[in-house]
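> Next input, structure requested:
(one chain, ligands or ions: 1)
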Amino acid sequence: MTDTPTNKTQSEGENKLPELNQALWQYDGQPGQLIPLLQRAQETYGYISEKAISYIAGITGEPEAKIYGVITFYKQFRLAPVGDYLIRVCDGTACHVNGAKDLLEVIYDELGMDGSRDTSDDGTFTVETVACIGCCSLAPVITVNEDTHGRLTPMKLRKVLKRYKRRAKKELAEATAAAPAETSSAGA
Ligand code: FES
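Presented below is the predicted three-dimensional model:
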């Protein structure tokens, strides 16, 4: 199987069980400690995997259903890996009154998402709304990974997203083209 960036992140995360172990051995049965453990799991993996949930359940004795309940209650926790491009839509006051909700609709439409999940089916884009990111004079604002895009209109936003889609497609094509070469050189 081609090791896409998302798969790579996942497999790197799965190799970090020892780091998670360090957090788990300190667990002393206090109910309030479940949240720090979940935070640690998310820091370690980038999200909270099924494997991490059953591991935490085994150590703490808490039912997996309860752990899922806690994860889905708090917006900070993720049950799936973050995409290669993390899009943050500011919904602070200045951005909200300048059309942040419209931008979100455009993003879902342009990326073929329906809003029920925060990551696109191919694992390329993750979309989340955040509070003020500190550049209100540019409202409405989004960030994509480290880049900030401000004073957006729906039309400008579509152009921005099309650029990222082209970039993602190119990166995928390059990764796919490189895969057979890596396989043959590994076998040489
Ligand atoms: S409200 Fe969006 S940057 Fe401040």
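
> Show me what residue of this structure gets nearest to the ligand.
G92 (2.5 Å; Cβ to the nearest ligand atom). C-beta coordinates here come from the backbone N, C-alpha and C atoms, glycine included.

> ok now do the closest residue to that residue other than its chain neighbours, which residues does it touch?
Nearest non-adjacent residue to G92, counting by Cβ to Cβ, 6 or more residues apart in numbering: C132, 3.0 Å away. Applying Cβ atoms under 8 Å, 6 or more residues apart in numbering to C132 gives the contacts 90, 92-95.

> Make sure C132 is indeed in a helix.
No: applying DSSP: H, G, I helix; E, B strand; the rest coil, one finds C132 to be coil, outside a helix.

> Restricted to helices, list the contacts of C132.
Under the assignment DSSP state H, the contacts of C132 contribute 93-95 to helices.

> TSV please, covering those residues and showing pLDDT and neighbour count.
Below are the ones in helices among the contacts of C132 laid out as TSV (pLDDT from 0 to 100; neighbours: other Cβ atoms under 10 Å):
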residue	pLDDT	neighbour count
T93	97	13
A94	97	16
C95	98	27
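
> And whichever helix or strand E174 is part of, how far out from the chain middle?
Taking DSSP states H and E as the definition, E174 sits inside helix 154-187. Put simply, helix 154-187 sits 18 Å off its chain's centre (Cα atoms, centre = their mean, to the nearest Å).

> Likewise for stretch 56-72?
21 Å.

> end-to-end on that stretch?
For stretch 56-72, the separation between the terminal residues is 16 Å (Cα to Cα, to the nearest Å).

> Now do the buried residues in that stretch.
Within stretch 56-72, the residues that count as buried by 16 or more other Cβ atoms under 10 Å are 56-57, 60, 62, 67-68, 71.

> Equivalent analysis for stretch 69-82, please.
Quick answer for stretch 69-82 (16+ other Cβ under 10 Å): 71, 77-82.

> do stretch 85-96 as well
Those would be 85-92, 94-95, for stretch 85-96 by 16+ other Cβ under 10 Å.

> what sits against the most centrally placed residue in the chain?
By Cα atoms, centre = their mean, the chain has its centre lying nearest to V82, at 2.1 Å. Counting by Cβ under 8 Å, 6+ apart, V82 touches 9, 46-47, 119, 126.
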